[in-house]
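need coordinates for the below:
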Amino acid sequence: MEKTRLGFVPCHRYPYDEDWATGMRQRCLKALRGVGGVDVVTPSPALMHNGLVRDDAGAQAAIDLFAQRGVQGLLLGAMSYGDALAACTVAQALNVPALLFGTREGLPPAEGAPRSDAYGGMLAIAAGLQRRGIAYEFGGTFYPEDDAFAEAVDAFARGCAAVHALQGAHVGLLGATPERDEDAQPNPGALLQRWRVRVAPMDLAAALAQAQELAADDHRVVATVRSIMKEANCAACSDTALASMARLELTLQALCKDQDLAALAVSTASDVQTRHGIAFGSALSRTASDGLLICGSADIFGALSMLVLRAAAHKDGEPACVQLGMRHPDERNVVLVRATDGAPLSLAADAGAVVLREQAELAAQVGVEKAQGAYEFALKPGAVTLCRLAETGGQFKMWIAGGEVVSGEEGFRGVWGWVRLKDLERGYRTLAERGMPPRASLIYSDVADGLQSMCRFANIEAVRL
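So this is what the prediction gives:
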């Protein structure tokens with residue numbers, strides 16, 4: 001699991017209770033260190049008095065510390081009334097996502113004077129952030145031991161990781177997006193302007209020629225073929241086809257590494273796959289199992305959706321590109337999803353039942369011999385998150401849904417699974433009315449709240465199903 005580094009700004013203001021604020025800082029730190037996937041950085045008592053940010057000098061010291069440690073987000077916490085100017089100065093200087101929260105103070109002391117007035121201080125910080133045009137998320141007011149506090153920080157951290165992955169990403173486009181797949185066609189200018197995402201067009205013909213140059217007896221090809229045969233029933237595939245699958249897999253791996261790509265979208269049009277003599281599913285599935293983010297259909301938005309999903313999951317698990325299909329004939333809120341270009345083999349319900357054979361749709365066009373290379377298996381049961389980034393006229397939106405893959409007895413071709421959503425009818429209506437495509441990326445992790453947090457800071461309209 002990869003951790004997200006967050007800077008904790010414990011805000012205090014004189015003359016509020018110093019001991020209370022110090023104790024609250026310690027309680028918050030203890031709770032934050034118990035949140036998985038989070039690496040907390042905060043000013044120490046050696047850096048400033050009691051480790052509390054209360055003035056311009058403290059703000060500058062915190063800025064220097066956080067910049068040096070490369071924090072990806074800020075936790076602005078009111079330990080007492082909190083110095084709003086100091087908190088806002090830190091947020092403005094770092095220019096990273098910020099989560100604002102207040103602490104609860106319990107019963108007042110016998111003399112009746114409030115210890116902290118943290119709620120009022122939190123509102124003052126919020127007003128200062130608004131005046132400066134700084135994007136922030138309000139987490140709530142908590143005792144540090146509240147489960148809700150850890151949940152808010154967890155979702156925020158996942159959102160920060162996704163924003164960090166998206167900004168400045170270098171994404172390859174290998175081949176052209178099919179004319180009839182308009183929802184997959186990218187807008188490189190808008191991506192560059194919004195998040196500095198660089199879409200790099202690449203020569204598909206040259207890549208396929210490079211793959212063909214690898215000899216069948218090359219030790220890398222031989223080793224890859226052996227690995228393919230260990231992971232699936234390959235009885236339906238010829239030795240020639242298996243070697244071609246291995247060549248393509250090695251070429252895609254090298255391309256991602258040499259070009260330092262965050263993700264890659266590859267054309268899987270029928271004529272392209274026919275030119276190489278195989279279906280591309282095996283290569284895309286196995287490279288995904290190795291941690292590379294490769295999407296078929298030359299779908300840049302699919303590749304970016306995979307990128308933010310994996311980041312939000314702290315790189316724990318492999319995402320897959322899927323497409324919404326038929327509704328279950330009997331189950332009200334269950335829909336079929338199919339990974340038409342394959343999926344990581346770790347997602348298979350039964351690893352021993354994975355089959356590698358011809359892709360049905362491609363075989364119908366070019367024959368079985370030239371269509372080998374598609375995995376077939378059912379997706380394993382478990383909680384999942386689905387999302388899809390889309391763009392219209394330079395404006396971005398993302399549909400997000402939490403669901404669960406459930407077991408099914410049907411034997412569909414390819415990679416498939418039944419997904420139960422909370423309210424499928426309402427979800428379909430939302431997708432239709434908002435003009436959202438049926439394509440999605442899927443990961444076995446509950447990161448829907450984290451993706452919504454990312455959307456807030458990445459200026460993406462979040463569409464929750």
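
break down the stretch 1-150 of the chain into its helices, ranges please.
Per DSSP state H, counting those that start in this stretch, the stretch 1-150 of the chain carries helices over the ranges 18-32, 56-69, 84-94, 118-131, 147-166.

nope, the stretch 151-300 of the chain is what I meant
Using DSSP H, counting those that start in this stretch, helices in the stretch 151-300 of the chain cover 188-195, 204-213, 219-231, 239-258, 270-276, 281-289, 300-312.

pull out the buried positions in the shortest one.
In this case it means helix 270-276. S270, V272, Q273, T274, H276 (16 or more other C-beta atoms under 10 Å). The C-beta positions use only the backbone N, C-alpha and C, and glycine is treated the same way.

contacts only, for the fourth one.
When you say that, I think you mean T274. Under the criterion of C-beta atoms under 8 Å, 6 or more residues apart in numbering, the neighbours of T274 are L362, Q365, V366, K370.

out of the helices of the stretch 1-150 of the chain, which one sits most buried?
Each of the helices of the stretch 1-150 of the chain was scored by mean neighbour count; the highest is helix 147-166, a mean of 23, by mean count of other C-beta atoms under 10 Å.

so how far is that one from its chain's centroid?
When distances are taken as C-alpha atoms, centre = their mean, to the nearest Å, helix 147-166 is centred 11 Å away from the chain's centroid.

need the contact list for L261.
By C-beta under 8 Å, 6+ apart, L261 lies in contact with H170, V171, G172, A200, L255.

cool, L192 as well?
L192 sits next to R198, V199 when contact means C-beta under 8 Å, 6+ apart.

picking that back up, most widely separated two among the buried residues of helix 270-276?
S270 and H276 (11.4 Å; C-beta to C-beta).

rewinding a little: which one of the contacts of L261 is nearest to W20?
Checking the contacts of L261 against W20 with C-beta to C-beta, the nearest one is H170 at 48.2 Å.

count the neighbours of the nearest residue to the closest one once chain neighbours are set aside for me.
Counting by C-beta to C-beta, 6 or more residues apart in numbering, H170 lies nearest to R198, which is 5.1 Å off, once chain neighbours are set aside. R198: 15 surrounding residues under other C-beta atoms under 10 Å.

same question for the one 10 residues further on.
When neighbours are counted by other C-beta under 10 Å, L208 registers 21.

pretty sure it contacts I278?
No. Using C-beta atoms under 8 Å, L208 makes no contact with I278, being 10.7 Å away.

list residues touching both of those two?
Shared contacts of L208 and I278, counting by C-beta under 8 Å, 6+ apart, come down to L248.

counting neighbours, what do you get for A246?
Considering only other C-beta under 10 Å, A246 is surrounded by 26 other residues.

how about N95?
10.

now do E410
The local packing of E410 (other C-beta under 10 Å) involves 10 other residues.

what residues are up against it?
Neighbouring residues of E410 by C-beta under 8 Å, 6+ apart: there are none.

from G36, how far off is it?
Distance, E410 to G36, by C-beta to C-beta, to the nearest Å: 36 Å.

kindly report the same for A155.
13 Å.

and P186, by the same measure?
Distance of P186 to G36, computed by C-beta to C-beta: 34 Å.

those two: which has the busier surroundings?
Neighbour totals were compared for P186 and G36, and P186 leads with 20 against 11 (other C-beta under 10 Å).

so what's M79 up against?
Counting by C-beta under 8 Å, 6+ apart, M79 has contacts 10-12, 20-22, 24-25, 28, 52, 103, 116, 118.

excluding its backbone neighbours, what's nearest it?
Excluding the flanking residues, the one nearest M79 by C-beta to C-beta, 6+ apart is A21, at 4.1 Å.

so, low pLDDT: which residues of the stretch 51-200 of the chain?
106-114 (pLDDT under 70).

check contacts around T177.
By C-beta under 8 Å, 6+ apart, the residues touching T177 are A184, Q185, P186, A265, S267, S297, A298, D299, I300.

swap in 7 Å and give it another go.
A184, Q185, A298 (C-beta atoms under 7 Å, 6 or more residues apart in numbering).

the first one and R388: what is the separation?
The reference is to A184. 11 Å.

neighbour count: these two, which is higher?
Neighbour totals were compared for A184 and R388, and R388 leads with 26 against 21 (other C-beta under 10 Å).

quick check, the more buried one in a strand?
Yes. Per DSSP: H, G, I helix; E, B strand; the rest coil, R388 lies within a strand segment.

you'd agree it is up against P438?
No. Between R388 and P438 there is no contact under C-beta atoms under 7 Å: 8.5 Å.

residues shared between the contacts of the two?
In contact with both R388 and P438: no residue, using C-beta under 7 Å, 6+ apart.

quick one, what contacts the residue nearest the centre of the chain?
By C-alpha atoms, centre = their mean, the mean C-alpha position of the chain lies nearest to L309, the distance being 1.8 Å. Shown in contact with L309 (C-beta under 7 Å, 6+ apart): P319, T385, C387, S441, I443, V447.
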